[in-house]
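Q: give the three-dimensional model of this entry:
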Amino acid sequence: MVSIVVCSIRPDQLARLQQSVEATIGLPHEWLVADNRNTGKGICQVYNELAAIANHPYLLFLHEDVTFERRDWGKQIRSVFEQHERLGLIGVAGSTIKSSSISGWYTGNAAFDRYHLTHALPGHTEVLKQLPDQHVAYHPVVCLDGVFLFVRRSVWEAMPFDAEQVKGFHFYDLDFSLRVANKFDVGVVSDLGLIHHTEAGGDYGTRWAREAILFHQRWKERLPMNIPGAQFSEGKIQRVWLDRLKNQSIRLADRINWVWVQRQFLHPGLYYSILKFFLYHPLRLRRVHQYLRSLRKQA
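A: Sure, this is the predicted structure:
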């Protein structure tokens with residue numbers, strides 16, 4: 001029924017994932033796994049090579065650092081696809097818009113972002129849930145996070161991952177989901193019980209920033225893209241991402257390029273966010289903030 005495709009670099013995480021899926025999915029399935037530790041292949045190439053030999057009508061492209069705590073989540077997704085013929089792709093996190101501003105799928109606005117998953121971070125667990133209605137089969141979006149991509153095989157065959165232009169491990173998910181959303185419905189489903197075991201919620205360092213700029217250069221004629229009726233501010237999204245990236249390990253030249261290519265220096269309303277973007281990580285201001293918060297708690 002479903003072919004589970006994994007690009008693996010951590011055998012310990014893969015074993016944990018497989019054990020979790022076997023206990024919870026509730027559907028006939030096969031595993032298509034590539035050990036990608038020493039191949040030099042990007043994730044698009046790996047995914048396409050494995051999907052080409054799949055035997056089932058659905059494909060699940062899955063990160064290996066997840067587990068599931070809810071049984072029969074596979075049956076839930078199959079039912080959603082069977083009831084909605086135009087639905088091509090399902091995920092657990094995405095947005096109803098993709099702005100032309102350089103960013104990931106996340107906008108920081110509850111009116112647009114849709115997600116339901118759990119982050120298992122060092123020392124604590126954080127349930128992330130933002131869905132306007134719990135009683136619908138899925139929530140329409142135009143782009144998805146790549147941690148979980150459940151797609152009809154026929155859809156992937158019509159528009160496989162772009163291995164020619166996306167060589168690394170970032171923005172393959174936005175590229176794929178946006179292309180699918182041009183021809184099919186794309187959605188976020190709730191309550192799959194997916195737990196993402198992550199150290200910091202994702203890697204947004206220098207390589208991510210460079211690939212973000214390249215992705216938006218390729219897509220500049222097609223963005224923004226959104227569900228009809230969505231009204232949004234490019235400036236607010238730029239501010240959200242300046243703040244989100246301020247404590248990431250991004251080289252100074254790439255920080256300058258981020259601001260330069262978007263001409264953010266022309267907008268006084270962004271000056272404070274730009275200042276933090278340049279100074280927060282080099283000056284270790286996060287530690288200062290953590291120290292001040294600890295003092296307030298003690299008081």
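
Q: please save the CA atoms from stretch 277-288 in PDB.
A: Below are the C-alpha coordinates for stretch 277-288, written out as PDB (Å, rounded to 0.1, in the frame of the first residue of the first chain):
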ATOM      1  CA  PHE A 277      20.500  39.700  13.000                       C
ATOM      2  CA  PHE A 278      24.100  41.000  12.800                       C
ATOM      3  CA  LEU A 279      25.000  41.200  16.500                       C
ATOM      4  CA  TYR A 280      23.000  38.600  18.400                       C
ATOM      5  CA  HIS A 281      25.100  35.500  17.600                       C
ATOM      6  CA  PRO A 282      28.600  37.100  17.500                       C
ATOM      7  CA  LEU A 283      28.000  38.900  20.900                       C
ATOM      8  CA  ARG A 284      26.500  35.700  22.400                       C
ATOM      9  CA  LEU A 285      23.400  37.800  23.500                       C
ATOM     10  CA  ARG A 286      21.400  34.600  23.900                       C
ATOM     11  CA  ARG A 287      23.400  33.700  26.900                       C
ATOM     12  CA  VAL A 288      22.900  37.200  28.300                       C
END
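
Q: residue nearest the centroid of this structure?
A: Centroid-nearest residue in the chain, with C-alpha atoms, centre = their mean: residue 145, separated by 2.1 Å.

Q: my guess is that one contacts residue 113. True?
A: No: counting by C-beta atoms under 8 Å, no contact exists between residue 145 and residue 113, whose distance comes to 10.3 Å. Where you see a C-beta, it was placed from the backbone N, CA and C, and this is true even at glycine.

Q: residue contacts, the residue nearest to the centre of the chain?
A: Taking C-beta atoms under 8 Å, 6 or more residues apart in numbering as the contact definition, residue 145 lies against 91-94, 104-105, 115, 173.

Q: chain neighbours aside, what residue packs nearest to it?
A: Counting by C-beta to C-beta, 6 or more residues apart in numbering, residue 145 lies nearest to residue 93, which is 4.1 Å off, once chain neighbours are set aside.

Q: tell me how far the one you found lies from residue 177.
A: Taking C-beta to C-beta, to the nearest Å as the criterion, residue 93 is separated from residue 177 by 11 Å.

Q: need the residues touching each of the two.
A: Overlap of the contact sets of residue 93 and residue 177 (by C-beta under 8 Å, 6+ apart) consists of residue 144.

Q: please give me every residue in contact with the residue nearest to residue 145.
A: Each residue near residue 93 by C-beta under 8 Å, 6+ apart is listed here: 105, 113-117, 128, 144-145, 147-148, 188.

Q: buried sites along the top strand by length along the chain?
A: Looking only at the chain and at elements set by DSSP state E, the strand with the highest residue count is strand 113-121. Along strand 113-121, the positions that meet the burial threshold by neighbour count (16 or more other C-beta atoms under 10 Å) are 113-120.

Q: can you redo these as a markdown table with distance to residue 80?
A: Compiled in a markdown table, the buried residues of strand 113-121 are given as follows (distance: C-beta to C-beta, whole Å):
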| residue | distance to residue 80 |
| --- | --- |
| 113 | 20 |
| 114 | 14 |
| 115 | 17 |
| 116 | 14 |
| 117 | 17 |
| 118 | 20 |
| 119 | 24 |
| 120 | 26 |
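
Q: residue 3: which of those residues is nearest?
A: Closest approach to residue 3 among the buried residues of strand 113-121 (C-beta to C-beta): residue 117, at 22.0 Å.

Q: surely that closest one meets residue 197?
A: No: contact between residue 117 and residue 197 fails when scored by C-beta under 8 Å: they sit 11.2 Å apart.

Q: can you give me the helices for the stretch 101-250 of the chain?
A: With DSSP state H, counting those that start in this stretch as the definition, the stretch 101-250 of the chain shows helices at residue ranges 153-158, 172-181, 206-219, 234-245.

Q: what's next to the shortest one, contact-wise?
A: For helix 153-158, the external contacting residues (C-beta under 8 Å, 6+ apart) are 3, 51, 54, 56-59, 88-89, 180, 183-184.

Q: could you redo the last one with a cut-off of 7 Å?
A: 51, 54, 56-59, 88-89, 180, 184 (C-beta atoms under 7 Å, 6 or more residues apart in numbering).

Q: buried ones among those?
A: Judged by neighbour count, with buriedness set by 16+ other C-beta under 10 Å, the buried members of those are 51, 54, 56, 58-59, 88-89, 180, 184.
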